[in-house]
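>>> next input, structure requested:
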Amino acid sequence: MTAQPPDALAQAITLLHRAGHTWHLPLLQAARRGLIALRFIVPGERVPVRALDPTASPLPAVTVLCGDDHSDRCRPSDFPQAVRWLRWARAFMLHGTGGREEHYAEAVAAALLVRRVLVVDLPSRAVPEWLELARRVAPKAHGLMLLPPPGAVHPIAQGLN
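Have a look, this model is predicted:
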């Protein structure tokens with residue numbers, strides 16, 4: 001999702017709210033108000049290199065790599081530009097737990113402070129690989145990991161195998 005007109009964002013906000021899937025709402029609401037540029041990337045997707053130019057957006061930006069709905073495709077290798085996105089970001093969030101609105105509100109707040117934030121939505125089992133990559137390719141980026149409580153996994157079905 002990139003550069004959606006405000007009406008499309010309003011529609012998405014309404015649909016997500018009705019479905020009870022409210023965790024991404026702070027991102028969509030901030031984009032609708034013109035506070036941030038917002039982009040969602042799915043496994044296998046590539047964006048033009050110019051989108052990774054730190055000066056490409058006059059607005060603070062949040063990019064979300066959506067891996068947790070594709071639990072079998074959540075590793076850095078499933079995102080062809082993972083290294084570039086990590087290097088683009090001044091801060092990143094490895095989101096390996098159940099979504100809550102306040103998690104994504106923090107991503108908006110971080111973008112307003114540091115201008116470029118990468119959120120990686122992923123199963124908890126994929127966090128170590130992403131963290132190792134981030135430490136290697138973006139050692140100066142500020143990082144935050146959100147994990148389930150000790151002994152728990154995300155998504156829950158992952159623990160049923």
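
>>> who's in contact with stretch 66-81?
Residues external to stretch 66-81 that are found in contact with it (Cβ atoms under 8 Å, 6 or more residues apart in numbering): 40-47, 52, 65, 82-83, 85, 95-96, 120-123, 126, 129-130, 133, 154-155, 157-158. C-beta coordinates here come from the backbone N, C-alpha and C atoms, glycine included.

>>> just the CA trace of the worst-scoring helix or strand of the chain on mean pLDDT, in PDB.
Least confident element among the helices and strands of the chain, by mean pLDDT, DSSP states H and E: helix 6-19 (a mean of 80). Taking Å, rounded to 0.1, in the frame of the first residue of the first chain, the C-alpha atoms of helix 6-19 are listed here in PDB:
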ATOM      1  CA  PRO A   6      -7.500   9.700   1.900                       C
ATOM      2  CA  ASP A   7     -10.800   8.100   0.900                       C
ATOM      3  CA  ALA A   8      -9.100   4.800   0.400                       C
ATOM      4  CA  LEU A   9      -7.400   5.100   3.800                       C
ATOM      5  CA  ALA A  10     -10.700   6.000   5.400                       C
ATOM      6  CA  GLN A  11     -12.300   2.900   3.800                       C
ATOM      7  CA  ALA A  12      -9.500   0.700   5.000                       C
ATOM      8  CA  ILE A  13      -9.800   2.100   8.500                       C
ATOM      9  CA  THR A  14     -13.500   1.400   8.600                       C
ATOM     10  CA  LEU A  15     -13.100  -2.100   7.300                       C
ATOM     11  CA  LEU A  16     -10.400  -3.000   9.700                       C
ATOM     12  CA  HIS A  17     -12.300  -1.500  12.600                       C
ATOM     13  CA  ARG A  18     -15.400  -3.500  11.700                       C
ATOM     14  CA  ALA A  19     -13.400  -6.700  11.400                       C
END
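
>>> after it, next one along is what?
helix 25-32 (DSSP states H and E).

>>> if we can go back for a sec, could you pick out the buried ones from the contacts of stretch 66-81?
40-41, 43, 65, 82, 85, 95-96, 120-123, 126, 130, 133, 154-155, 158 (16 or more other Cβ atoms under 10 Å).

>>> of those residues, which belong to helices?
Among the buried ones among the contacts of stretch 66-81, the ones falling in helices (DSSP state H) are 82, 85, 130, 133.
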